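*Asks:* next comes the sequence, and after it the predicted model I'd like to discuss.
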Amino acid sequence: MGVSDPKSTTVAIVAADGVLSSAIAGPFDILSSAGYLWQALNADPVSARRFEVSVVAGERGPLLCYQGLSVFADKALAEMPTPDIAFVPTVFLPALLEEPFEMPGAWRPIADWLAAAYRNGSLICSNSSGALLLAEAGLLDGRAATIHWTLAERAQQKYPAVRFQPHRVLIPTGPRDRIVTAGAGTCWQDLALYLIARFAGSVTAAQTAKSFTIFRKVRGQQPYAEWFPPRKHGDSAIARAQEVLHRDFPAADVLSSALAASRLTPRTFKRRFKAATGQSATDYIQHLRVKEARFRLETTNNSIEEIGVRIGYRDVAFFRTLFRRLVGLTPGQYREQFGLLEYPGADPFDAVAESFDAEAAS
């Protein structure tokens, strides 16, 4: 459909078990408002709505979402004609966190429906964990895709033919970009604006963004992604070394102390640490230090120089460079975006930060 085509674009928001209610209602409101809300707010002539949005599930009727909120499915999958866009929102079930990950049986008919809709010409898109259904349908084989950053490793193991790139917010792919995946959480906002720009024009997308006060995630998902150190690897010598690293990571000689705790030779320690954690010990220490730096930037008014010293870096230029490499933002940008003290009425967290324990936080 072209931008100038007056016919409304049909959208099916495809709900699976465990769907997040906000990931249904948010895209529904934004897409339904395109070409209408801005005009209404500015007392301009209102033309026809640009998107006709339906919620589709296995059966028509009430649908229980994650956290227990109910929404209403307008149509059953079998009743839905092939839409212009099929939108799979965020889904969450405890099974997604299990290893090995197994696709819930209730999702299979939805994956089959998505594959058929794609063959019939639909643009297929997903937000966050919704990409799992696209992968299960075989739509992402040999292609790049984004997903919630906490699920990327499990998804890659389950679907090795897919090139998961969790640092990205939006990835259009396939012939004529008829498959689009969006990243974690509220990346559905970016996806909705992308669809509006593509099907109704960039002016309408900009007007809709201003109407809803949507800020694009221009730096990707990297600043949001937290590092979780691997601990369940079964190597007791490396586990002893990790205990030291987590306790004493700001110390200049922490690596020597960790080596001593492991009771391994330097060469064996280096090999086994990488095998157990997937990182060199030096990289591991850097991630531990930056993890605490993020916490201090979020919860204290300590200067960036002071934070660098407290985590083990007296060279503030090196600290800034390392932080930007691992987080995707400078320390100042990170504090501006995530600092809790910027919220009116926020409590000072300095006392918490002083007793911050990287072991407990990991």
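*Replies:* Sure, I can see it.
*Asks:* tally of neighbours for the nearest residue to Ala76 once chain neighbours are set aside?
*Replies:* Sequence neighbours aside, Arg60 is the residue nearest to Ala76 in space, at 4.7 Å (criterion: C-beta to C-beta, 6 or more residues apart in numbering). Placement of C-beta: from N, CA and C, glycine included. By other C-beta atoms under 10 Å, 17 other residues sit near Arg60.
*Asks:* contacting residues for Arg60?
*Replies:* Neighbouring residues of Arg60 by C-beta atoms under 8 Å, 6 or more residues apart in numbering: Ala73, Asp74, Lys75, Ala76, Glu79.
*Asks:* cool, Asp235 as well?
*Replies:* Arg272, Ala275, Ala276.
*Asks:* for the last one, give me its contacts.
*Replies:* When you say that, I think you mean Ala276. Here Ala276 is in contact with Pro230, His233, Gly234, Asp235, Ile238 (C-beta under 8 Å, 6+ apart).
*Asks:* pull out the buried residues from those residues.
*Replies:* Neighbour counting over these (16 or more other C-beta atoms under 10 Å) leaves Asp235, Ile238 as the buried ones.
*Asks:* and which of the contacts of Ala276 is nearest Ile171?
*Replies:* Pro230 (26.6 Å; C-beta to C-beta).
*Asks:* that closest one - nearest residue in space that isn't next to it in sequence?
*Replies:* Nearest to Pro230 is Thr277, by C-beta to C-beta, 6+ apart, at 5.1 Å.
*Asks:* I'd say the one you found and His287 touch.
*Replies:* No: contact criterion C-beta atoms under 8 Å: Thr277 and His287 do not qualify, at 9.8 Å.
*Asks:* who touches both of those two?
*Replies:* Joint contacts of Thr277 and His287 (C-beta under 8 Å, 6+ apart) are Pro229.
*Asks:* that older thread, burial count for the residue nearest to Pro230?
*Replies:* Counted by other C-beta under 10 Å, the residues lying close to Thr277 total 21.
*Asks:* what's near enough to touch it?
*Replies:* Taking C-beta under 8 Å, 6+ apart as the test, what Thr277 contacts is Pro229, Pro230, His233, Ile238, Gln242, Tyr284.
*Asks:* check what pLDDT it gets.
*Replies:* Per-residue confidence at Thr277 stands at 93 (pLDDT).
*Asks:* before we move on, what about the one 10 residues further on?
*Replies:* For His287, the pLDDT comes out at 93.
*Asks:* over to the one 4 residues further on?
*Replies:* Turning to Lys291, the model gives it a pLDDT of 90.
*Asks:* now it: how far from Phe338?
*Replies:* In this view, Lys291 and Phe338 are 13 Å apart by C-beta to C-beta, to the nearest Å.
*Asks:* just Gly142 next, same as before
*Replies:* Using C-beta to C-beta, Gly142 is found at 36 Å from Phe338.
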